[in-house]
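Chemist: predicted coordinates and the sequence they were generated for:
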Amino acid sequence: MSKQTLSFQAEVAQLLHLVTHSLYSNQEIFLRELISNASDACDKLRFEGLNNAALFEDAPNLEVRVSFDKAAKTLTITDNGIGMSQQEAIDHLGTIAKSGTKDFMGRLSGDQKADAQLIGQFGVGFYSGFIVADKITVESRRAGLKPEEGVRWTSGGTGDFEVETITRAQRGTSIILHLRDDAEEYLNAWKLKQVIAKYSDHISLPILMEKEEWKDGELINPNDENGGRQPGGMVKTGEWETVNKASALWTRPKKDITEEQYAEFYKTISHDHEAPLTWAHNRVEGNTEYTQLLYIPAKAPFDLWNRDKKAGVKLYVKRVFIMDDAEALMPTYLRFVKGVIDSADLPLNVSRELLQESRDVRSIREGSTKRVLSMLEDLAKHDKHDAPAEGADGVTDVVSEEDKAKEGKYTKFYAEFGAVLKEGLGEDFANRERLAKLLRFASTTSDTVSVSFADYKARMKEGQEAIYYITADTLAAAKNSPQLEVFKKKGIEVLLMTDRVDEWALNYLHEFDGTPLQSVAKGAVDLGKLQDEAEKKAAEEAAEAFKPVLAKLKEALKDKAEDVRVTTRLVDSPACLVVQDDGMSTQLARMLKQAGQQAPETKPVLEVNAEHPLVKKLDGSVHFHDLAHILFDQALLAEGGLPEDPAAYVKRVNALLA
């Protein structure tokens, strides 16, 4: 039989060093990961067996067995799933697919308990076995291969591993952990059952362990019943028993599932070490029948913005696992949602291509989207509670404990996922109004991201005809923008939008509940009824008197500005930049360029404050040309941009200061 010694991929060696030397604070997760892998192997066989029943050989019942040998100090996890060929063992156990230890290392915080939980997220759960073992032996045979084509993989968790061909009658995989002295507690049936109940109770496959019963020790003196006995102990009976519930969690009635079980199931499918924020478990009946168990995480995953990362819920058909990341069942802007959808209507051999076209899939997607939005609406509704109000009849409302538990949860959710939710404005036309109600912003009256469009509307001044907003890179840049000056003077609230997605998303939302949205950085400022006649008349007179200077400014800045005009939006600043109503904002143009994309060449409009001393100084100045360019560049700086020629700007300022 051939035997060869191979070296681990460099990243694996690095990971193994970390596992064996650092992650001890939560040892028991190794069993969760190995049983989860065993369950996945059985799911894969079940799926491949749909088209090739011969793969089941003579063992159609899929199961996972956990056994231990105290004398040999070994713990073995065996499944009769798909198994591995020799090349697959080398590929899967000697390298980490692009999940990447670099990312893994970058996520480590120094909190060993939290760091240990990251193992599953990176698809490297197998290596968690080295938390408790100083040597691991894997024996496997892929379903469909001959018994003599089995493989044995052995490693001490250092720089290399051995692979040899063996004869293995049973398909599937056995992972034999040679436990270290400090992990001997896992050679105890009670301890193993406790860990399995905690982490793996939901797994729909039976997890079997050998039964044990108490046996008294031998008589010290065989002829004397009263002379005492040797210590007794638990002995194995040779019978195997199922130690988990062995029914898919989502198929059980809600009343039979505890909050802890829901939370543990979430942790298993998401590899998250924190409990979820909320979840919904429902059976949907009608033209399309399916069960959904959907979770909203408490924290954003590290790869939320990685567009190459597959996301989506797990898809089962009639409790048969089909795929992990069924992207077609959940819109992209809800890619943070975790969970399971089990359909009674889809064909068992469903493929990703079929998922894109199926009417039933569209129905499931729409239903699941609405369910997630309902969960968010419920959290938003109970996010803040004022003191219970006393009604006219003297009866005070009582806030239920369930509602109290939801307080503050939407704020937490929005801090993690608010920017992703905004993508839905451009992706999900059918639910745009519902999404708009869920959005939150800071404003000129609140630095916290807590103001909804409905809150804003309720505070609008009499005669105000639009919801005003401004976009910027940071909250400070938005708050201090010169474009807000007249709004601050008149006490008009303006929403401050600082997420990169805001500029794009607001292209798809032009009004809220019948009130138009107006960017304060677009078009000429028009406060309508909020601006009295005297102000309008004074502005018109100033513009008329300033016409000769405007003409000179337009000529001096013809290569930079589309137009120059007098404005009423400025109070303390000399100038600001705006774009035409239908133009691309300078903020969005900058973002596109930073992302390496082409942005249309659009010139902004320079608006000047005719009452400002610097603007008045223009008239008749011998430095008119330099002052005009300084005015433009300062307006550009004030909104977060940079002059095209910073050196020329500095030179002009220095010349005037000299």
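Modeler: Looks like it came in fine.
Chemist: residue 656 contacts residue 623, doesn't it?
Modeler: Yes. If you go by Cβ atoms under 8 Å, residue 656 and residue 623 touch, sitting 6.2 Å apart. (C-beta placed from N, C-alpha, C; glycine too.)
Chemist: give the next helix or strand downstream of the longest helix along the chain.
Modeler: Using DSSP state H to define each element, the chain has its longest helix at helix 359-381. Scanning forward in sequence from helix 359-381 by DSSP states H and E, the next helix or strand is helix 401-405.
Chemist: for that next one, give the mean pLDDT please.
Modeler: Averaging pLDDT along helix 401-405 gives 74.
Chemist: just how off-centre is that helix within its chain?
Modeler: Distance, stretch centre to chain centre, for helix 401-405: 25 Å (Cα atoms, centre = their mean, to the nearest Å).
Chemist: swap in stretch 259-266?
Modeler: On Cα atoms, centre = their mean, the centre of stretch 259-266 falls 19 Å from the chain's centre.
Chemist: over to stretch 495-514?
Modeler: 22 Å.
Chemist: now swap in stretch 556-572 and tell me
Modeler: 43 Å.
Chemist: what residues does it touch?
Modeler: 482-483, 485-489, 520, 524-525, 531, 535, 539, 542-543, 546, 550, 553-554, 576, 580, 602-610, 612, 624-625, 628-629, 632, 644 (Cβ atoms under 8 Å, 6 or more residues apart in numbering).
Chemist: take those and keep only those in helices.
Modeler: 485-489, 535, 539, 542-543, 550, 553-554, 624-625, 628-629, 632.
Chemist: isn't residue 332 up against residue 421?
Modeler: No. Counting by Cβ under 8 Å, residue 421 is not a contact partner of residue 332; they are 11.4 Å apart.
Chemist: neighbour-wise, which of the two wins?
Modeler: Counted by other Cβ atoms under 10 Å, residue 332 and residue 421 do not tie: residue 421 has more neighbours, with 21 against 14.
Chemist: who are the contact partners of the more buried one?
Modeler: So residue 421 contacts 333, 376, 414, 435, 438-439 (Cβ under 8 Å, 6+ apart).
Chemist: look up phi and psi at it.
Modeler: When read as degrees, to the nearest 10, the backbone of residue 421 gives phi -60, psi -30.
Chemist: from residue 413, how far off is it?
Modeler: 9 Å (Cβ to Cβ, to the nearest Å).
Chemist: overlap in contacts, these two.
Modeler: With Cβ under 8 Å, 6+ apart as the test, residue 421 and residue 413 both reach residue 376.
Chemist: now for the closest residue to residue 459 other than its chain neighbours, how many residues are close by?
Modeler: The shortest distance from residue 459 to any non-neighbouring residue, by Cβ to Cβ, 6 or more residues apart in numbering, is to residue 493 (6.0 Å). Residue 493 has 21 neighbours, counted by other Cβ under 10 Å.
Chemist: where does residue 493 sit: helix, strand or coil?
Modeler: With DSSP: H, G, I helix; E, B strand; the rest coil as the basis, residue 493 sits in coil.
Chemist: hang on, the earlier thing: show me how to select, in ChimeraX, the buried members of the ones in helices among the contacts of stretch 556-572.
Modeler: Buried residues among those (16 or more other Cβ atoms under 10 Å), as a ChimeraX selection:
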select :485,486,487,539,550,553,554,624,628,629,632
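Chemist: name the residues of stretch 489-502 that are buried.
Modeler: Those buried within stretch 489-502 under the rule 16+ other Cβ under 10 Å are 492-498, 500-502.
Chemist: only C-alpha atoms, please: export it in CSV.
Modeler: These are the backbone C-alpha positions of stretch 489-502, laid out as CSV (Å, rounded to 0.1, in the frame of the first residue of the first chain):
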residue,chain,number,x,y,z
LYS,A,489,-30.9,80.7,10.4
LYS,A,490,-34.6,79.9,9.9
GLY,A,491,-34.6,76.8,12.1
ILE,A,492,-35.4,74.4,9.3
GLU,A,493,-34.3,70.8,10.0
VAL,A,494,-32.1,69.2,7.4
LEU,A,495,-31.3,65.4,7.3
LEU,A,496,-27.5,64.7,7.3
MET,A,497,-26.7,61.6,5.2
THR,A,498,-23.1,60.3,5.5
ASP,A,499,-23.2,56.7,4.2
ARG,A,500,-21.5,56.1,0.8
VAL,A,501,-24.6,54.5,-0.5
ASP,A,502,-26.9,57.5,0.2
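Chemist: what about that stretch, distance to the chain center?
Modeler: Taking Cα atoms, centre = their mean, one finds the center of stretch 489-502 at 26 Å from the center of the full chain.
Chemist: who touches it?
Modeler: Residues contacting stretch 489-502 (Cβ under 8 Å, 6+ apart): 418-419, 422-423, 441-445, 451, 456, 459-461, 464, 467-475, 477-479, 484, 487, 506, 520, 527, 530, 571, 591.
Chemist: please check those residues and keep the buried ones.
Modeler: So, by 16+ other Cβ under 10 Å, the buried ones in the contacts of stretch 489-502 are 418-419, 422-423, 441-444, 451, 456, 464, 467-472, 477-479, 484, 487, 506, 520, 527, 530, 571, 591.
Chemist: which ones among those residues map onto helices?
Modeler: Per DSSP H, the buried ones among the contacts of stretch 489-502 map to helices at 418-419, 456, 477-479, 487, 591.
Chemist: pull out the buried members of the contacts of residue 421.
Modeler: Taking 16+ other Cβ under 10 Å as the criterion, what is buried in the contacts of residue 421 is 333, 376, 414, 435, 438-439.
Chemist: ok, so of those residues, who is nearest residue 89?
Modeler: residue 333 (39.8 Å; Cβ to Cβ).
Chemist: that closest one touches residue 420, doesn't it?
Modeler: Yes. If you go by Cβ under 8 Å, residue 333 and residue 420 touch, sitting 5.8 Å apart.
Chemist: can you pull the contacts of the closest residue to residue 621 other than its chain neighbours?
Modeler: Nearest residue to residue 621 in three dimensions, chain neighbours excluded: residue 627, at 5.9 Å (Cβ to Cβ, 6+ apart). By Cβ under 8 Å, 6+ apart, residue 627 lies in contact with 614, 617-618, 621, 656.
Chemist: again, 10 Å this time
Modeler: By Cβ atoms under 10 Å, 6 or more residues apart in numbering, residue 627 lies in contact with 553, 556, 574, 614-615, 617-618, 621, 652, 656.
Chemist: what's the answer for residue 510, then?
Modeler: Residues in contact with residue 510 (Cβ under 10 Å, 6+ apart) are 516-518.
Chemist: would you turn the residues you listed into TSV with secondary structure, distance to residue 648 and neighbour count?
Modeler: Listed next are the contacts of residue 510 as TSV, based on DSSP: H, G, I helix; E, B strand; the rest coil; distance: Cβ to Cβ, whole Å; neighbours: other Cβ atoms under 10 Å:
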residue	secondary structure	distance to residue 648	neighbour count
516	strand	40	10
517	strand	37	16
518	strand	35	19
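Chemist: and the residues you listed, which is closest to residue 360?
Modeler: Nearest to residue 360 among the contacts of residue 510, with distances taken as Cβ to Cβ, is residue 517, at 37.1 Å.
Chemist: residues in contact with the residue lying closest to residue 275 once chain neighbours are set aside?
Modeler: Once flanking residues are discounted, residue 275 sits nearest to residue 263: 4.4 Å by Cβ to Cβ, 6+ apart. Counting by Cβ under 10 Å, 6+ apart, residue 263 makes contact with 272, 274-276, 279, 295.
Chemist: so among those residues, which ones count as buried?
Modeler: Buried, going by 16+ other Cβ under 10 Å: 272, 275-276, 279, 295, out of the contacts of residue 263.
Chemist: still on that earlier bit, ok so the residue nearest to residue 275 is a helix residue?
Modeler: Yes. Counting by three-state DSSP, one finds residue 263 located in a helix.
Chemist: what's the pLDDT at it?
Modeler: 91.
Chemist: look up how far residue 415 lies from it.
Modeler: Taking Cβ to Cβ, one finds residue 263 at 21 Å from residue 415.
Chemist: please, which helix or strand holds the residue nearest to residue 383 when sequence neighbours are not counted?
Modeler: Leaving aside its chain neighbours, residue 383 sits nearest to residue 410 (3.9 Å; criterion: Cβ to Cβ, 6+ apart). If you go by DSSP H and E, residue 410 is part of helix 409-421.
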